[in-house]
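In: mind looking at a prediction? Sequence and model below.
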Amino acid sequence: MKNPIVDVIDATYKYKNHDGNDSENGVTDLTFSIDEGEFVVLLGHNGSGKSTLAKLLNGFLVPSKGKVFIDGNDTADEKLCYVIRSDVGMVFQNPDNQTVASIIEDDVAFGPENLGVPPEEIRQRVDRALKTVGMYEYKDRTPYKLSGGQKQRVAIAAVLAMQPKILILDESTAMLDPEGRKEVLDTVKSLNKENVVTVILITHYMDEALDADKAFVLSRGKIIKRGTPKEVFSDAEAVKEAKLELPVATAVSEELRKAGFDIKPTLTDEELAEEICRLK
Ligand SMILES: Nc1ncnc2c1ncn2[C@@H]1O[C@H](COP(=O)(O)OP(=O)(O)O)[C@@H](O)[C@H]1O
Ligand SMILES: [Mg+2]
């Protein structure tokens, strides 16, 4: 049987207090695995430990207890640090501080250059990555004038040029307008489906979670719920504990039910529309 691409076993990481002792903040006893090609969302309120977990996955942080394996490689093994960093690509929140060069193609080339990839292969990788995110025709331009969504797509291309097995997006749509969010999300979904990149999406927008294969909900550094998005959002207690918003269609169907309408819980706009049409 194939190993999972991400295997987290009883992992704990606590930030230090000023006195050098462990604080309460961080993540505690996380155990889960992710298979190659899966699309996973991490949900949870501010400070619940999502970014800490992301940093444990790319080896930026190493658990104080437990283990994190990426494609079978132990993140605590310093010799493997390099391969783990190139296997796990990260895209962050702010579209404005992820560029390093004043021309888009140079920006995307930066990662593979640092990996020591030969120039002719860099050329191919840059072109392919920019085409994948639909930004190829912008390659000679400056990133500064792009929209937020376009900047994030370039940031994704820059990560893709390093050929990661796993792509982590840490609230990468948070600063975007709805159109930019859709651009980025569509890009990520197609990367997952067509290029079989394993995706871990950290988001505050519950509607972005609906297409995921599975969802993990963090609260105070622990996973308090896991399952399909449907299972997660129908667990009212977990939703409340984690202070999650509900997807729009779920919230609307709940309000209608409260108002006395005979409507089932719904997850997507399509389901909601069907339920409303069913009403007499
Ligand atoms: N560098 C740090 N030093 C000390 N505490 C931190 C640091 N980064 C995060 N924390 C704390 O750890 C907890 C989890 O933070 P984080 O993983 O950033 O949560 P999230 O990404 O879900 O908002 C929070 O209480 C946060 O204040
Ligand atoms: Mg965070």
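Out: Ah, there it is. Ligands and ions are numbered 1, 2, ... in the order given.
In: what parts of the stretch 1-150 of the chain come near ligand 2?
Out: Neighbours of ligand 2 within the stretch 1-150 of the chain, by CB under 5 Å from the ion: 50-51. For glycine as for every other residue, the C-beta is placed from the backbone atoms N, C-alpha and C.
In: now do the strands in the stretch 1-150 of the chain.
Out: Here the stretch 1-150 of the chain has its strands, by DSSP state E, counting those that start in this stretch, at 6-16, 22-34, 39-43, 65-70, 73-74, 88-91.
In: save those as JSON lines, and put in mean pLDDT and mean neighbour count too.
Out: Listed next are these as JSON lines, based on pLDDT from 0 to 100; neighbours: other CB atoms under 10 Å:
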{"stretch": "strand 6-16", "mean pLDDT": "98", "mean neighbour count": "18"}
{"stretch": "strand 22-34", "mean pLDDT": "97", "mean neighbour count": "16"}
{"stretch": "strand 39-43", "mean pLDDT": "98", "mean neighbour count": "25"}
{"stretch": "strand 65-70", "mean pLDDT": "98", "mean neighbour count": "19"}
{"stretch": "strand 73-74", "mean pLDDT": "98", "mean neighbour count": "17"}
{"stretch": "strand 88-91", "mean pLDDT": "96", "mean neighbour count": "24"}
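In: show me the residue at the heart of this protein, geometrically.
Out: Residue closest to the average C-alpha location in the chain (CA atoms, centre = their mean): L201, at 1.9 Å.
In: looks to me like that residue is in a strand.
Out: Yes: under DSSP: H, G, I helix; E, B strand; the rest coil, L201 falls within a strand.
In: dump the residue contacts of it.
Out: 39-42, 168-169, 188, 208-209, 212 (CB atoms under 8 Å, 6 or more residues apart in numbering).
In: distance check, it against L191.
Out: 11 Å (CB to CB, to the nearest Å).
In: got it, and V83?
Out: Distance from V83 to L191, by CB to CB: 21 Å.
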